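K.L.:
From the sequence below, what's the structure:
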Amino acid sequence: MSKRNTPTPHIGAEYGMIEKTTLMAGDPLRAKFIAEKFLDNPVQFNNVRGMLGFSGTYKGRPVSVMGHGMGIPSIGIYTWELFNFYDVETIIRVGSAGTYDPDMKLGDLILAQGACTDSNYGAQFELPGTFAPIADFDLLRRAADACDNFGYRYKVGNVLSSDAFYNQHSNGMNWTKMGVIGVEMEASALYMNAAFAKKKALAICTVSDHLITGECSSSADRQTTFTHMMEVALSLV
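P.N.:
Here you go, the predicted model:
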């Protein structure tokens, strides 16, 4: 089935050009940076809509890396096609997140154990209740072990995948009452798509903005300096 449905409307690769494990970043230039910095012999497989994708090897192991754009609709499209049309088995998001946690600092890592959301993305599955999107436990456990081995600061916990970047109600602190430690815009759709396809997924985010102190990273920092999460993700390949 997959071969008959590729290339897709959004990915120009032929079936077989994308590896079973794929790292994904919101910014396609971050995907390009990962490919050029970490992969051996990277080959570009996609440039449709500028959403760059590359396949290569990391320490002899095949891996792909690709952008997924901003927000749940965008990552929902790309991960759906990767899981269901290209037979990708594992997707690891390497993204940025804000935090309300006073103990976290810029550059710390968040391993998203679960992903709350204010999105209606899950309605398509017609479930008789509210689905709780969670990460693959094996990936999560190995990522935590990798952080310990590297000596990187991190927390494991729940994130909020928000539909709004500019939230006019400024109600983010309400989520912290339930233990949410990070705010991003994609993990819940990634986890839902993985659950539906019976595949594996994990979101690893670098704290780029502290929503209490007002500290924030530059766009250049977000593109090229968040290498700790990249190294952790690649250790899972």
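
K.L.:
Excluding chain neighbours, what is closest to Phe131?
P.N.:
Among residues not flanking Phe131 along the chain, Gly122 sits closest, at 5.0 Å (CB to CB, 6 or more residues apart in numbering). All C-beta spots, glycine's among them, are computed from the backbone N, C-alpha and C.

K.L.:
Next, count neighbours for Ile212.
P.N.:
Residues lying near Ile212 (other CB atoms under 10 Å) number 14.

K.L.:
Can we start the residue count at 235 from this point?
P.N.:
Yep, numbering from 235; the last one is Ile446 now.

K.L.:
Pull the contacting residues for it.
P.N.:
334, 336 (CB atoms under 8 Å, 6 or more residues apart in numbering).

K.L.:
Tell me which helix or strand in the chain has the weakest average pLDDT.
P.N.:
helix 453-458 (a mean of 74; mean pLDDT, DSSP states H and E).

K.L.:
tell me which residues of stretch 281-297 are tucked away?
P.N.:
Within stretch 281-297, the residues that qualify as buried are 285-290, 292, 297, counting by 16 or more other CB atoms under 10 Å.

K.L.:
And that stretch, end to end?
P.N.:
Across stretch 281-297, the terminal residues are separated by 18 Å (CA to CA, to the nearest Å).

K.L.:
in which helix or strand would I find Pro276?
P.N.:
Element membership of Pro276, judged by DSSP states H and E, is strand 274-280.

K.L.:
any residues touching that strand, and which ones?
P.N.:
Residues outside strand 274-280 that contact it (CB under 8 Å, 6+ apart) are 245-247, 251-252, 269-270, 286-292, 298, 300.
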